[in-house]
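> sequence first, predicted model second:
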Amino acid sequence: MDWWRKAKFGMLIHWGLFSIPAGVWKGKKILRSGGEWIMYRAQISVSEYEALAQEFNPVKFNAEEWVRIAKNAGMKYIIIPAKHCDGFCMFETKLTNYNIVDRTPFASPSYFVPACNSPH
């Protein structure tokens with residue numbers, strides 16, 4: 001905690017399957033969805049929501065660019081939630097196949113590690 005308090009400034013990157021509908025489900029804006037709560041607020045079935053994983057393929061994502069922007073702004077850390085309230089894991093795990101490696105075309109469990117470790 002001491003290191004974190006001294007670092008003061010960082011970036012939280014909150015993305016996952018809920019990023020795909022982006023607050024809109026079947027053409028309807030879901031009020032107060034908060035993005036990650038869209039499954040609950042729009043009453044999306046588990047099977048429908050889980051199917052979003054097949055679409056999670058951020059082809060324009062560039063970890064090096066995001067890390068460079070954070071470092072240039074003076075940020076000292078980046079936080080990426082590893083598991084969301086929808087149960088989807090942004091890492092590979094043997095506990096469930098409901099994860100970024102087993103269910104998505106993106107399939108990259110360490111997409112930020114090399115970029116964060118480079119000296120930019």
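The structure has been received and is ready for your questions. Numbers count the residues shown, from 1 in each chain.
> name the helix or strand for residue 114, please.
helix 113-117 (DSSP states H and E).
> give me the contact list for that helix.
Residues outside helix 113-117 that contact it (C-beta atoms under 8 Å, 6 or more residues apart in numbering) are 63, 64, 66, 67, 78. Where C-beta positions appear, they are placed from N, C-alpha and C, glycine not excepted.
> can I get that helix in PDB, CA atoms only?
What follows is helix 113-117 as a C-alpha-only set of coordinates in PDB (Å, rounded to 0.1, in the frame of the first residue of the first chain):
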ATOM      1  CA  VAL A 113       3.000  -7.300 -19.600                       C
ATOM      2  CA  PRO A 114       5.600  -6.900 -22.400                       C
ATOM      3  CA  ALA A 115       4.600  -3.300 -23.000                       C
ATOM      4  CA  CYS A 116       4.600  -2.400 -19.300                       C
ATOM      5  CA  ASN A 117       8.100  -3.900 -18.900                       C
END
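> quick one: that helix to chain centroid distance?
Here the centre of helix 113-117 is set off from its chain's centre by 16 Å, with C-alpha atoms, centre = their mean, to the nearest Å.
> fine, thanks again, bye for now.
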